[in-house]
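Student: Fold the following for me, if possible:
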Amino acid sequence: MAEAHGNCSLCLEFSSEDYWQRFPLTEEQREEVEKGVKELGMVFDACKNGLDPLEREVREVFWKIMSCQTEGRELLNRRNTSG
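Tutor: Predicted structure coming up:
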């Protein structure tokens, strides 16, 4: 997700007027770049919408693993202290 956020930041920077004043382009070149930036923004949105549910699932699995690991340690500690 950090990469996606970075891409979004780049899209915002590319769309700012200040950015384009630093790199003089012909009107045709500028329109082409602006179109590409908009397309990149749409791809970013699609990826983000697709990754959000996956990210939740990964977090759930992570917490299940951590819970099982903690439970296993507790069982081992009980076994070692009782026997």
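Student: In contact with D45, which residues?
Tutor: The contact partners of D45, by CB atoms under 8 Å, 6 or more residues apart in numbering, come to none. To be clear about C-beta, it is placed using only N, CA and C from the backbone, and glycine gets the same treatment.
Student: Which strand or helix spans it?
Tutor: helix 27-82 (DSSP states H and E).
Student: and that helix, how far out from the chain's middle?
Tutor: Mean-position distance between helix 27-82 and its chain equals 7 Å (CA atoms, centre = their mean, to the nearest Å).
Student: mean confidence for that helix?
Tutor: The average pLDDT for helix 27-82 rounds to 87.
Student: what's the neighbour count on G41?
Tutor: G41: 17 surrounding residues under other CB atoms under 10 Å.
Student: Likewise for C47?
Tutor: If you count neighbours by other CB under 10 Å, C47 ends up with 14.
Student: Kindly report the same for V43.
Tutor: Neighbour count for V43, taken as other CB under 10 Å: 12.
Student: how close does M66 get to L75?
Tutor: 15 Å (CB to CB, to the nearest Å).
Student: cool, C47 as well?
Tutor: If you measure C47 against L75 using CB to CB, the figure is 41 Å.
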